[in-house]
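**Q** what's the 3D shape of this:
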Amino acid sequence: MSTRPIGDHALLSDCCSAALVTSDGSVDWMCLPRFDSPAIFARLLDEDAGHWSIRPVGPADISRRYVEETLVLETIFRTTGGTVVLRDALALGRRERGHALGTASPGVLLRQITCTEGSVPVEITYAPRPEFGLVHPLLSPVRGGLAAYGGAHILRLSSPVDWTVSGSTAHAQITLRASDRLAFALQATPAWGSEPVRCRAWHVRRRLSDTIDGWRSWSRLHRGYVGPWQNEVGHSGRVLRALTFAPTGAVIAAVTTSLPEQAGGTRNWDYRYTWVRDASFTLQALATAACEKEKDKFFGFLARAAATQLGRGVDLQIMYGVGGERDLSERTLPHLTGWRDSAPVRTGNDAWRQRQLDVYGELLDAAHQTLPPDGHLDPPTRAFLLQAAETAARRWTEPDQGIWERRGPSRHFLHSKLMCWVALDRAIALAPLLQAGERVPPWRRERDQIRRAIERRGWNPRLGAFTQTLDSDDLDASSLMLPIVGFLPPQDPRVQSTVLAIATHLTDHHGLVRRYLGDEIDEGEGTFLLCTFWLAHALALTGHPTQARQVFDTALAQANDVGLLAEEADSTTGEALGNFPQAFSHIGLINAARAIREAEQQPAPPTKH
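**A** Reported below is the predicted structural model:
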């Protein structure tokens with residue numbers, strides 16, 4: 001069983017794959033060559049599922065940070081005898097700069113430890129466990145390091161130290177003195193191909209330096225946001241880039257699977273995929289962070305991956321693999337105990353089979369944000385977007401599973417109706433581009449019917465709020481989207497009352513927001529950081545920037561020491577929960593920061609005399 005706090009991890013990414021490193025220098029999660037590949041190190045989910053640690057022998061004071069404007073991690077260990085600095089990175093492609101970041105990543109983990117003063121004994125443990133710990137490989141000394149054989153890949157660890165091998169684990173210990181430096185590189189190649197080439201120390205140093213330059217070149221191009229929390233917005237933009245599969249432009253929800261919404265619980269899903277649901281929010285965040293090329297590429301991925309013949313009556317799929325794959329069938333890994341005994345551990349995600357009607361709104365809103373109104377659409381994309389609008393018009397009256405992917409019976413979720421309204425509203429705006437002028441009158445009629453249904457059956461005067469489903473008494477944080485997507489003006493008394501009701505009844509004593517209260521899975525869950533940023537966003541829109549700042553700062557305080565946000569926080573302890581780091585949380589941060597900046601730039605209302 002792994003007990004390491006989720007928030008103790010820092011992210012490494014080459015924009016194709018990812019690794020997580022603990023504060024004491026252990027790589028406890030890494031998937032190569034893609035985000036959704038089987039893990040080589042998975043101690044995050046089971047103590048025996050593989051790790052690679054580099055740290056001083058004995059106690060040390062530890063601090064860490066990302067090298068400025070990069071995702072290269074620097075961990076500083078201060079001991080009684082001296083200080084060592086560990087740098088970790090997933091290598092970018094040689095001389096990759098700017099928007100090309102990650103397009104030719106070699107899939108190499110770089111680690112370099114340097115003694116800056118005194119004398120420090122260092123211990124190293126290397127325990128690769130491919131296929132989520134299922135494979136305990138044969139470790140064999142080779143010139144300049146170790147090779148691991150077993151499974152679909154050969155792992156080559158280039159290393160300057162002498163190893164003691166016991167089974168599938170290797171140990172080393174060496175004392176470093178001022179100016180001493182050790183450099184390591186881990187790479188994988190298919191077992192039936194050529195073995196990986198040794199990386200020498202000078203090559204590791206050069207690749208680290210080049211990777212720093214690559215990230216900085218990207219960051220220099222993405223400084224468009226100026227305002228409150230400017231550094232946090234910039235960092236969140238880098239995190240979103242780190243969660244982007246460069247070959248296709250797909251943005252994944254998180255780099256992990258099966259980190260639960262409650263310790264010991266069963267809400268353990270695989271988030272290493274791309275959700276259509278996230279599309280419009282992601283594009284807004286990318287635009288704010290000045291990531292226009294990434295924004296265009298992400299929409300291009302969605303348009304190609306989601307394209308299908310909707311006219312034959314199938315649902316638009318809600319999520320896809322990073323290469324556009326559709327079959328994401330879920331399976332369990334019974335050999336893993338899970339984080340803090342949170343089982344089952346799953347790969348794949350059966351939510352891909354669900355009906356979620358909100359995806360039509362998110363897709364068409366993404367198109368509205370991305371496509372120039374006087375531009376040109378290729379015939380397949382135009383036909384697909386037309387079918388998406390027609391499907392929203394035809395099916396908005398049906399029940400579904402909703403934005404939160406409820407695994408109980410289908411229901412008439414208000415948010416799903418709202419996003420069908422968005423689908424038709426944006427389709428009407430896009431009608432010239434879609435060459436669909438004749439469809440505007442029927443789209444307007446359906447859009448107006450959705451509005452009437454939401455206003456008549458979604459508004460609960462006793463609660464003073466819009467509700468989770470039509471004709472219900474339950475609150476849901478997704479109702480905060482009503483002013484954000486433009487369904488109602490922020491000054492509407494019902495919007496103001498709904499925001500107040502959610503702030504009052506769905507907020508815990510820390511000031512963080514729950515999605516809703518209770519569902520068909522009889523176990524608790526944490527508060528959602530995305531929903532907390534939504535509340536800050538809605539408060540800014542409705543004319544309460546001071547309260548919006550307070551809520552924003554409460555959510556931002558949940559970031560770990562290197563500025564990464566989880567999906568949720570435990571209401572009792574405040575500990576990070578859920579898959580990590582969570583794109584939706586960083587998206588919420590960026591969009592709420594922009595909304596607060598805009599609210600604070602509005603002229604103050606005239607003083608009454």
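**Q** Okay, now the unreliable bits of the stretch 301-450 of the chain?
**A** Scanning the stretch 301-450 of the chain for pLDDT under 70 picks out 308-313.
**Q** Spell out the residue ranges of the helices in it.
**A** With helices called from DSSP state H, counting those that start in this stretch, the stretch 301-450 of the chain shows them at 358-370, 379-395, 414-434, 440-457.
**Q** Turn these into TSV, including mean neighbour count.
**A** Quick note: C-beta positions are derived from backbone N, CA and C, even for glycine. Below are the helices of the stretch 301-450 of the chain laid out as TSV (neighbours: other C-beta atoms under 10 Å):
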stretch	mean neighbour count
helix 358-370	26
helix 379-395	19
helix 414-434	24
helix 440-457	15
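**Q** Could you dump those into a markdown table and include distance to residue 237?
**A** As requested, the helices of the stretch 301-450 of the chain are exported to a markdown table (distance: least, C-beta to C-beta, whole Å):
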| stretch | distance to residue 237 |
| --- | --- |
| helix 358-370 | 16 |
| helix 379-395 | 27 |
| helix 414-434 | 25 |
| helix 440-457 | 33 |
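**Q** Quick check: residue 569 touching residue 575?
**A** Yes - assessed by C-beta atoms under 8 Å, residue 569 is found in contact with residue 575 at 6.9 Å.
**Q** more crowded one of these two?
**A** A direct count of neighbours by other C-beta atoms under 10 Å for residue 569 and residue 575 places residue 569 higher, at 27 against 16.
**Q** check contacts around the more buried one.
**A** Applying C-beta atoms under 8 Å, 6 or more residues apart in numbering to residue 569 gives the contacts 510, 512, 526, 527, 529, 558, 575, 576, 577.
**Q** I'd like to know which of those residues is nearest to residue 241.
**A** Nearest to residue 241 out of those is residue 529 (C-beta to C-beta; 19.5 Å).
**Q** quick revisit: with respect to residue 72, which of the helices of the stretch 301-450 of the chain lies nearest?
**A** Checking the helices of the stretch 301-450 of the chain against residue 72 by C-beta to C-beta gives helix 358-370 as the closest, at 31.0 Å.
**Q** Now find how far off-centre that closest one is within its chain.
**A** Helix 358-370 sits 19 Å away from the centroid of its parent chain (C-alpha atoms, centre = their mean, to the nearest Å).
**Q** angle of that helix against helix 379-395?
**A** Using axes from the mean of the first three to the mean of the last three C-alpha atoms, to 10 degrees, the inter-axis angle of helix 358-370 relative to helix 379-395 is 140 degrees.
**Q** quick one, helices of the stretch 101-250 of the chain?
**A** 201-220, 230-242.
**Q** Report all helices and strands that the first one contacts.
**A** Other helices and strands packing on helix 201-220, by 3 or more C-beta pairs under 8 Å, 6 or more residues apart in numbering; DSSP states H and E, are strand 82-90, strand 108-127, strand 181-190, helix 230-242.
**Q** buried set for it?
**A** Across helix 201-220, burial judged by 16 or more other C-beta atoms under 10 Å covers 201, 203-204, 207-208, 210-212, 214-215, 217-219.
**Q** Same question for the last one.
**A** Going by neighbour count (16+ other C-beta under 10 Å), the buried part of helix 230-242 is 232, 233, 234, 235, 236, 237, 238, 239, 240, 241, 242.
**Q** low pLDDT regions in the stretch 1-150 of the chain?
**A** For the stretch 1-150 of the chain, the stretches with pLDDT under 70 are 1.
**Q** Can you list the residue ranges for strands in the stretch 401-550 of the chain?
**A** 459-460, 465-466, 527-528 (DSSP state E, counting those that start in this stretch).
**Q** Quick one, which of those gets closest to residue 496.
**A** Nearest of the strands of the stretch 401-550 of the chain to residue 496, taken as C-beta to C-beta: strand 465-466 at 10.3 Å.
**Q** can you list the residues that contact that closest one?
**A** 414, 454, 458-460, 475, 479, 482, 494, 497-498, 501-502.
**Q** quick one: contacts for residue 385?
**A** Contact partners of residue 385, counting by C-beta under 8 Å, 6+ apart, are 303, 363, 364, 367, 377, 427, 430, 434.
**Q** thought the last one was touching residue 387?
**A** The reference is to residue 434. No - using C-beta under 8 Å, residue 434 is not in contact with residue 387; the gap is 10.5 Å.
**Q** any idea which of the contacts of residue 569 is least confident?
**A** Among the contacts of residue 569, residue 526 carries the weakest pLDDT, at 81.
**Q** For it, which non-adjacent residue is closest in space?
**A** residue 568 (3.3 Å; C-beta to C-beta, 6 or more residues apart in numbering).
**Q** partners of that neighbour in the sheet?
**A** Beta bridges link residue 568 to residue 528, residue 577, judged by DSSP bridges.
**Q** Over to residue 319?
**A** Residues in beta-bridge contact with residue 319 (DSSP bridges): residue 275.
**Q** I figured it was touching residue 278, is that so?
**A** No - with contacts counted by C-beta under 8 Å, residue 319 stays clear of residue 278, the gap being 9.1 Å.
**Q** Could you save the contacts of residue 569 as TSV and add columns showing distance to residue 336?
**A** Listed next are the contacts of residue 569 as TSV, based on distance: C-beta to C-beta, whole Å:
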residue	distance to residue 336
510	31
512	29
526	22
527	27
529	26
558	27
575	21
576	20
577	18
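**Q** Just the buried residues of those.
**A** Among those, those scoring as buried are 510, 512, 526, 527, 529, 558, 575, 576, 577 (criterion: 16+ other C-beta under 10 Å).
**Q** So residue 179 versus residue 543, what's the distance?
**A** Remark: distance between residue 179 and residue 543 (C-beta to C-beta, to the nearest Å) = 59 Å.
**Q** coming back round to it: which one of the contacts of residue 385 is nearest residue 74?
**A** Closest to residue 74 out of the contacts of residue 385 is residue 303 (39.2 Å), distances taken as C-beta to C-beta.
**Q** quick one, what contacts that closest one?
**A** Residues near residue 303 by C-beta under 8 Å, 6+ apart: 367, 381, 384, 385.
**Q** Now with 7 Å, please.
**A** With contacts defined as C-beta atoms under 7 Å, 6 or more residues apart in numbering, the neighbours of residue 303 are 381, 384.
**Q** Enumerate every residue touching residue 12.
**A** If a contact means C-beta under 7 Å, 6+ apart, then residue 12 has 18, 19, 21, 71, 73, 88, 89, 90 as its contacts.
**Q** can you do 8 Å?
**A** With contacts taken as C-beta under 8 Å, 6+ apart, residue 12 has the following neighbours: 18, 19, 20, 21, 71, 73, 88, 89, 90, 109.
**Q** before we move on, what about residue 426?
**A** Residues in contact with residue 426, defined by C-beta under 8 Å, 6+ apart, are 361, 364, 365, 367, 368.
**Q** ok, 6 Å please
**A** Residues counted as contacts of residue 426 (C-beta atoms under 6 Å, 6 or more residues apart in numbering) are 364, 365, 368.
**Q** got a markdown table for those residues, with distance to residue 8 too?
**A** Below are the contacts of residue 426 laid out as a markdown table (distance: C-beta to C-beta, whole Å):
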| residue | distance to residue 8 |
| --- | --- |
| 364 | 40 |
| 365 | 36 |
| 368 | 40 |
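**Q** Distance-wise, check the closest residue in space to residue 359 that isn't next to it in sequence relative to residue 530.
**A** Of all residues not flanking residue 359 in the chain, residue 276 sits nearest, at 4.3 Å (C-beta to C-beta, 6+ apart). Distance of residue 276 to residue 530, computed by C-beta to C-beta: 16 Å.
**Q** before we move on, what about residue 490?
**A** Separation of residue 490 from residue 530 (C-beta to C-beta): 19 Å.
**Q** Compare the two (neighbour count), which wins?
**A** Neighbour comparison, residue 490 and residue 530: the larger count goes to residue 530, with 26 against 19 (by other C-beta under 10 Å).
**Q** Hmm, residue 588 and the more buried one touching each other?
**A** Yes - using C-beta atoms under 6 Å, residue 530 is in contact with residue 588, at 4.4 Å.
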